Every structure is written in structure tokens, then in C-alpha cells.
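1. Mind folding the following:
(one chain, ligands or ions: 1)
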Amino acid sequence: MTSPAAPRIVVTRGLPAATLRPLRDLGEVWISPHDRPLTSPELHEAVRGASAIVTMLTDRIDGDVLDAAGPSLRIVANTAVGYDNLDLTAFAHRGVLATNTPGVLIDATADLTMALLLTVTRRVAEGDRLIRSGTAWSWDISFMLGAGLQGKRIGIVGMGRIGRAVATRAAAFGMEVAYLARRPHTDPPDGAPLTLPELLATSDIVSLHCPLTAETHHLIDADALAAMKPGSFLVNTARGPIVDETALARALADGTIAGAALDVYEHEPEVHPDLRELDNVVLAPHLGSATVETRTRMAELAVENVRAVLTGAGPVTPIDLPVGSG
Ligand code: DGY
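-> Next up is the predicted model:
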């Protein structure tokens, strides 16, 4: 009797070595040797015969990739809480499980949101650039004034766990919290539930924390930007395509809004060239979850999901697949 072949586990980009150790007891592990996302042909080639794939948010996993893996594939464990890179309908059709990493990056992302919010409202990055440029400066009563936060309203779009963690921090800074209430919450957060037009018209800061879906794509377009309160700021640590970047660059250049702080981009990692020219926008390279502790926990959770599924238990943090498409 021949023993069944060891499952093939594909990891599309390096993860901390210690977090990958449990996978080695489960089968043959292939880890991308590249310090960049795999190209589409490389991804198709790498996944062939895989039972499990550990993916990054930079991997687009559609029906073609699932088919390239073949019938052995049981789970795709995405190392991110967001999963707009997975075609869930294709997963449901093929009976492949999908998992993400919720719950472990709430604080890191909320902290970065506050860091960006402070950086843009207090012109920290602009000041850093000024000093590095060697430009002469001296303290003056009206030099590089920013906007204070106390008593200002933050309008949170996406009052999930990260949105709530931002609300807690903003309240500690003396801000008034409002949030977009699309549907009733079973556990209503503190703050004022508003419609999108109300939130845009009355918030001094609009902070995005919703997932990218067909419904939220370009939620912040030229009309939404025009509807924002004069002198207000936009912060996006969610997903780039929620904002129409061309419209944003225009609104920042003509003073429709006072400033923006972005961690994510419409065509990531590309950044709209006009944004790079503007002083009133802070640009971070998708750092929301980028602490040693959080990224380690994300990798561990992705690996735990693979281990659970390959050893016959249910996934730890499954993503709901569309009903009726299986
Ligand atoms: C996620 O997990 O979706 C974050 O964007 C990663 O930083």
C-alpha cells in the first residue's frame, strides 16, 4: 500500500521563519524565493497541485488560479483582514475554503490612523521636508499652523472593530465621534449615527475603515469630496479604490478639502503622480498593520488556518462565501 503524497503548501511570499515551522510538519512547503509579489504566470505555476496556499493581499486569487492549483486545493489563507483580492464566487463554485486574519490588526491600524491624522493636521511631514530641504526657518507666531483636533468631529465610515478602535482613540483626543450608519448595529457604538451626506457635510475629519466592495468602490468621488466640510481632512487606511484618486488630487489642489492622509492607493503600489506633488497630502506605503507584533500574529493566524484545515478541523477564521453560488 502506498502512503498518500504529502500535501503541497504554497506560501506566495516570505513570512517570518518561525511562523512557518508548523507547516513543515504537515507537508512539502514551497515558499516564494522572490522579495516581491509573484507575477501571474509565476503564481499559476507555483500553486500547481497545492492543497493549501498562503496568500498576501497583493495576490489576485481568481478562478484561473484556483483551477491552476487543481482539485487538491482545500484552503487559501489570506494574510490580511481585507480580502478584496479573492474572488469568493470562484471559491464557492469550487468548494475551496478562504480565510483571513481578523482581530489581530485592530490596534495597529487604529494607531496608524491616528498617526496619519496627526501628521496631516499638524503638518509634520511637510515640516520634515522643509528642514531636510535646508530652507531657512525660525519660530514665528503664524509659522506652519495646523488644525487642532479637540472639539472637532471625526466621521468614521465603517464602524467595525477598527473603526471603533479609532473612535476610542479620537474620543481620548477630545474629538466628537460620528459614524456612517448604513444598517442598525446590534451593539450600537458611542457617537452619532449619520447618513453619508450628513457625515460628509459635518465632519472635520472623514476616516475610512470599510471593506472594498462593489458598493464602496469610489464611495469618495468628486461629488463626495465637494460635499465635505470646507477645511476638512480625509484619512484612508482601508483600501485605495474606495477613493477616486484623480478627484482627490483635484480637491486637494483647489482647496475643496484641506488635506488628506493615505496609507492605501487606487492602483497600489502606484500613486497618482499629482498627489506626489502636493504638500497637503501625507503618503504612507500601506503600513496599517506594519508592526513586528501584528505582522507576526497575522502570519501565525494564516498558518493556524492552514493547519486546522489540513488536519481535518474547521478553519479558525473563515470568510463567508457567497450563498447560492456553490
Ligand atoms: C489588511 O490586513 O487588510 C491590511 O490592509 C494589511 O495591512
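2. Need the three-state assignment for whichever residue of the stretch 201-326 of the chain sits closest to the ligand.
-> Per CB to the nearest ligand atom, the residue of the stretch 201-326 of the chain with the smallest distance to the ligand is Ser289, at 3.5 Å. For the C-beta atoms, the positions are set from N, CA and C on the backbone; glycine is no exception. Under DSSP: H, G, I helix; E, B strand; the rest coil, the three-state class of Ser289 is coil.
3. so what's the nearest residue to it once chain neighbours are set aside up against?
-> The spatially closest residue to Ser289, leaving aside those adjacent along the chain, is Leu105, at 4.0 Å (CB to CB, 6 or more residues apart in numbering). Applying CB atoms under 8 Å, 6 or more residues apart in numbering, we find Leu105 in contact with Val81, Ile162, Gly288, Ser289, Thr294, Arg297, Met298.
4. Tell me which two of those residues sit farthest apart.
-> Among the contacts of Leu105, the pair separated by the greatest distance (CB to CB) is Ile162 and Arg297, at 14.8 Å.
5. Quickly list what Leu180 is bridged to.
-> On DSSP bridges, the residues paired with Leu180 through beta bridges are Leu194.
6. Look up how far Leu262 lies from it.
-> Here the criterion is CB to CB, to the nearest Å. By it, Leu180 lies 19 Å from Leu262.
7. neighbour count winner among the two?
-> With other CB atoms under 10 Å as the criterion, Leu180 and Leu262 differ in neighbour count, and Leu262 comes out ahead with 26 against 23.
8. Which strand residues bridge the nearest residue to that one once chain neighbours are set aside?
-> In space, Leu262 comes closest to Asn236 once its chain neighbours are excluded; the distance is 5.0 Å by CB to CB, 6+ apart. For Asn236, the beta-bridge partners under DSSP bridges are Leu208, Leu262.
9. For Asn236, give me the pLDDT.
-> On pLDDT, Asn236 comes in at 99.
10. Put the alpha carbons of stretch 127-142 into CSV.
-> Taking only C-alpha atoms (Å, rounded to 0.1, in the frame of the first residue of the first chain), the coordinates of stretch 127-142 have been written out as CSV:
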residue,chain,number,x,y,z
GLY,A,127,7.8,70.3,8.3
ASP,A,128,10.2,67.4,8.0
ARG,A,129,10.6,68.1,4.2
LEU,A,130,11.2,71.8,4.9
ILE,A,131,14.0,71.1,7.3
ARG,A,132,15.6,68.4,5.1
SER,A,133,15.5,70.9,2.1
GLY,A,134,17.7,73.3,4.1
THR,A,135,15.2,76.1,3.8
ALA,A,136,15.8,78.8,6.4
TRP,A,137,13.1,78.9,9.1
SER,A,138,12.5,80.4,12.5
TRP,A,139,9.8,80.2,15.1
ASP,A,140,7.0,82.7,14.4
ILE,A,141,3.5,83.1,15.8
SER,A,142,2.0,82.2,12.5
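11. what residues does the one helix or strand Thr89 maps to touch?
-> Taking DSSP states H and E as the definition, one finds Thr89 inside helix 88-94. Taking CB under 8 Å, 6+ apart as the criterion, the residues outside helix 88-94 that touch it are 61-63, 66-67, 73, 76, 97-98, 319, 321-322, 325-326.
12. now stretch 165-178
-> Taking CB under 8 Å, 6+ apart as the criterion, the residues outside stretch 165-178 that touch it are 106-107, 109-111, 113-114, 117, 149-156, 159, 179, 189-194, 198-199, 202-203, 205, 207, 209.
13. and those, which are buried?
-> Buried residues within the contacts of stretch 165-178, defined by neighbour count using 16 or more other CB atoms under 10 Å: 106-107, 109-111, 113-114, 117, 149, 152-156, 159, 179, 189, 191, 193-194, 198-199, 202-203, 205, 207, 209.
14. any idea how far the ligand is from the residue lying closest to Arg122 once chain neighbours are set aside?
-> Excluding the flanking residues, the one nearest Arg122 by CB to CB, 6+ apart is Gly146, at 4.1 Å. Per CB to the nearest ligand atom, to the nearest Å, Gly146 is found 27 Å from the ligand.
15. tell me the contacts of Gly146?
-> Taking CB under 8 Å, 6+ apart as the definition, contacts of Gly146 comprise Thr121, Arg122, Arg123.
16. mean confidence for the strand or helix carrying Trp30?
-> Using DSSP H and E, the element containing Trp30 is strand 28-31. Averaging the model's pLDDT scores along strand 28-31 yields 98.
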